[in-house]
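> okay, sequence plus prediction incoming.
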Amino acid sequence: MTPPMIAIDNVTKTFGETTAVDDVSLNIHPNEFFALLGPSGCGKTTLLRMIAGFEQPNVGRLTLDGDDMTSVPPNRRPVNMVFQSYAVFPHMTVADNVAYGLVVTGTPKAEIGPRVDEALHMVRLEGYGSRKPNQLSGGQRQRVALARALIKRPKVLLLDEPLSALDRKLREEMQLELVRLQHEVGITFVIVTHDQEEALSMADRIAVMDQGKLLQVAPPGELYDQPNCRMVADFIGKTNFFDATVTSASQGELTIASADLGELCLPDDGEGIGKVEIAVRPEKIDLFREQPQTTGIIRQGTIDQQAFFGEASHVYIRLPSDRQIVCHRPHGRGDHPERLHTGDPCWISIDQVDVRMLRG
């Protein structure tokens, strides 16, 4: 197996009585686009700053490409960082901004020009070298920051919320650009973000953090379809939760009773009987005007509310128990969401394979 590019072993970081990172162990692979995801204050930026060398762990060990970096200063680590604010120098031209890191480290002048041209080509800013940052758009300034980070040819590029200052359309364009860039330069990217869609659309793997702890590390599809706890299921996309109880376990199956969904049979997880939660994604719920002739979980409800999003609507349904759930309803050709009205009776259908049981 290929050794990890970044190995974080039992790392803890405290600030006074506050534990920002709590006994985190994590491997990040070479040439991987890796995301640290979680709500504000979860510890993801502190962990990124420890990789960069701006913070030191109180406990634990951190290696980069096999070398112990625990006490190595930032300027001697084979990493570079792009900040949320971009931090480009307003008095310098684009070319001078990009060249800055080479100049301060004494790179020969004959080498600087070609490397600046190469870096600007990477980020598709050829011909912009003589401009000042105030002559650029937000997305172009971000590319200048990327070029300045990449020109030193780091083994790891660290990105701290790099797209948060951009509007939605430009942010989506830059997400594609970052993925393209990572594939072209072939180095490890580690991005910190609180935006679930951003992480899901860009990363090869995602680590979800909360209150300093690492909850789950998985590829985007696995993280979305197989969350290991309520916080991950709730943070990654929309989810409907139902209270339930495991009443028995036999022959590799659990029998589960839910006041909202009835009796379910799911694979045995080896944890025995007890209280659990059932999670169902909104797009896994089919909506009907009349009782469907299908197998699975069938329940009657009432249209409570709906929110129109163009390509789809979120339809909120009130069950007989008074619990409200949400169903994702894509709009096909000729489909008019206004045909559904508040108070209309409806039926929902859920396939048991789309049900996720959560404990703890």
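Here it is on my side, so go on.

> how many residues are close by residue 165?
For residue 165, the number of neighbouring residues by other C-beta atoms under 10 Å comes to 15. (Each C-beta comes from the backbone N, C-alpha and C, glycine too.)

> show me the contacts for the residue nearest to it when sequence neighbours are not counted.
Sequence neighbours aside, residue 138 is the residue nearest to residue 165 in space, at 6.2 Å (criterion: C-beta to C-beta, 6 or more residues apart in numbering). When contacts are counted by C-beta atoms under 8 Å, 6 or more residues apart in numbering, residue 138 is found next to 165, 166, 167, 170.

> mind giving me the packing neighbours of the helix or strand hosting residue 9?
In this structure, residue 9 is located in strand 6-15 according to DSSP states H and E. With contacts taken as 3 or more C-beta pairs under 8 Å, 6 or more residues apart in numbering; DSSP states H and E, strand 6-15 sits against strand 18-28, helix 44-52, strand 59-64.

> for residue 237, find the nearest of the ones you listed.
Between residue 237 and those, the tightest spacing by C-beta to C-beta is seen for helix 44-52, at 18.5 Å.

> could you report the neighbour count for the residue nearest to residue 256 when sequence neighbours are not counted?
Leaving aside its sequence neighbours, residue 256 sits nearest to residue 264 (C-beta to C-beta, 6+ apart; 4.3 Å). Residue 264 is surrounded by 20 other residues when neighbours are defined as other C-beta under 10 Å.

> can you list the buried residues in whichever strand or helix holds residue 264?
Counting by DSSP H and E, the secondary-structure element that holds residue 264 is strand 262-267. Applying a neighbour-count criterion of 16 or more other C-beta atoms under 10 Å, the buried positions in strand 262-267 are 264, 266.

> just how off-centre is it within its chain?
Average the C-alpha atoms of strand 262-267, do the same for its chain, and the two points are 30 Å apart (C-alpha atoms, centre = their mean, to the nearest Å).

> how is the chain partitioned into domains?
What the record gives for the chain is the domain set 6-232, 239-278, 281-353, from automatic domain parsing.

> residue 359: which of those is closest?
Checking these against residue 359 by C-beta to C-beta gives domain 239-278 as the closest, at 5.4 Å.

> in the closest one, what counts as buried?
239-242, 244, 246, 254, 256, 258, 260-261, 264, 266, 276-278.

> from those residues, which is closest to residue 316?
Nearest to residue 316 among these, counting by C-beta to C-beta, is residue 240 at 10.4 Å.

> quick one: the helices in the stretch 51-200 of the chain, in order.
Using DSSP state H, counting those that start in this stretch, the helices of the stretch 51-200 of the chain run over 94-104, 109-122, 138-150, 168-185, 196-202.

> buried deepest among those, which one?
Ranked by average neighbour count under the criterion mean count of other C-beta atoms under 10 Å, these are headed by helix 138-150 at a mean of 23.

> check the offset of it from the chain's centre.
22 Å.

> so residue 314: helix, strand or coil?
Residue 314 carries the three-state label strand when classified by DSSP: H, G, I helix; E, B strand; the rest coil.

> pLDDT score assigned to the closest residue to residue 10 other than its chain neighbours?
With C-beta to C-beta, 6+ apart as the criterion, residue 10 has its nearest non-adjacent residue at 4.4 Å, and that residue is residue 60. The predicted local distance difference test score for residue 60 is 96.
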